[in-house]
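Colleague: coords please:
(chains A, B, C and D)
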Number of protein chains: 2
Amino acid sequence: MSKQLLPVSDPVCCAPLAQEPISAEDATHLARAFKAIGDPIRLRLLSLIASRDGETCVCDLTGPFEVSAPTISHHLKVLREAGLVDSERRGTWVYYWTKPQALQRLSQVLAQQTLRV
Amino acid sequence: MSKQLLPVSDPVCCAPLAQEPISAEDATHLARAFKAIGDPIRLRLLSLIASRDGETCVCDLTGPFEVSAPTISHHLKVLREAGLVDSERRGTWVYYWTKPQALQRLSQVLAQQTLRV
DNA sequence: ATCCTGTATCGAGATGTGTCAAATTAGATG
DNA sequence: CATCTAATTTGACACATCTCGATACAGGAT
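Modeller: Numbering: from 1, shown residues only, chains lettered A, B, ... in the order given. As a prediction, the model looks like this:
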């Protein structure tokens, strides 16, 4: 579950977009992450997961949406393969949590000037 | 050119994702913007435009890519309709520039804590 | 007016994506 | 082992998106 066969886009890099023209390779990696959050349901899922301090059970993620459980599962997989969340099964339930560093990196890519954090 | 018939997603709003679960409506607006930068060519276009202080001529945007001019034009349109760039024709050439506030808002949505800028 | 160049739009084809029902797996419990 | 629930995977379909060539448009130059 947390071990992927295809290790996808793990460390998302890159200086702010406005600093220098991004390379084609970096653009491919970053675009995959932005594409993952370029869907309303996935953005809400990410926000739901991120809004909890620790982790979120999938059982709490299917309720708020008007799509089927397989669809939620599909979107969670996209977020996971984009390196934005990770998950683990514990007993009957599966828990998801965000990867704050990944989100922070995306944030900094879009930031207009480099900020000290 | 800079006046769109369909005024799309002008002010992109929203608190950081992790602060509270985003509303479905806000998610729809934001996702459209993220989707726009969820393509490698559009991300590179945006970076190319943002890397210049003022504005960038389309004539300088077709060279770096291995796609046709109509395709570049299409991607620029997507960026424009997402509210991330704006454009103007002056004489023979068309110039594009970024809308820094829009990018900054997206950056803050992904930021892990609210930062004073 | 006529041409030429830069950019956008149109139309079409190939590929990708979101969604669901059905089937499958993982684990708990009887 | 059988059975139940939680979650994922599979397969299929409708729809969106990326891309191009052809065409149209805007403006400058002849």
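Colleague: where in chain A is pLDDT low?
Modeller: Along chain A, the parts satisfying pLDDT under 70 run over A:1-12, A:114-117.
Colleague: Quick check: residues of chain A near DNA strand C?
Modeller: Applying Cβ under 7 Å from any atom of the strand, we find that chain A lies next to DNA strand C at A:35, A:39, A:41, A:66-68, A:70-71, A:74-75, A:78, A:89, A:91-92. Backbone N, C-alpha and C define where each C-beta goes, glycine included.
Colleague: all strands for chain A, in order.
Modeller: Using DSSP state E, the strands of chain A run over A:56-57, A:85-90, A:93-98.
Colleague: quick one, which of those is nearest to chain B?
Modeller: Nearest of the strands of chain A to chain B, taken as Cβ to the nearest Cβ: strand A:93-98 at 7.3 Å.
Colleague: That closest one near DNA strand D anywhere?
Modeller: Yes: residues of strand A:93-98 contacting DNA strand D under Cβ under 7 Å from any atom of the strand: A:W93, A:V94.
Colleague: what's the answer for stretch A:77-90, then?
Modeller: Yes: contact of stretch A:77-90 with DNA strand D (Cβ under 7 Å from any atom of the strand) involves A:K77, A:S87.
Colleague: re earlier: right, and the strands of chain A - which one's nearest B:P21?
Modeller: strand A:56-57 (10.4 Å; Cβ to Cβ).
Colleague: contacting residues around the nearest residue to A:V67 once chain neighbours are set aside?
Modeller: The shortest distance from A:V67 to any non-neighbouring residue, by Cβ to Cβ, 6 or more residues apart in numbering or on different chains, is to A:I41 (6.6 Å). Neighbour list for A:I41: A:F65, A:V67, A:T71, A:I72, A:H75, B:A27 [criterion: Cβ atoms under 8 Å, 6 or more residues apart in numbering or on different chains].
Colleague: Of all pairs in those, which one is the farthest apart?
Modeller: A:T71 and B:A27 (15.2 Å).
Colleague: neighbour count winner among these two?
Modeller: B:A27 (24 against 13; other Cβ atoms under 10 Å in any protein chain shown).
Colleague: farthest residue from the center of chain A?
Modeller: Residue farthest from the centre of chain A, counting by Cα atoms, centre = their mean, is A:E20 at 24.7 Å.
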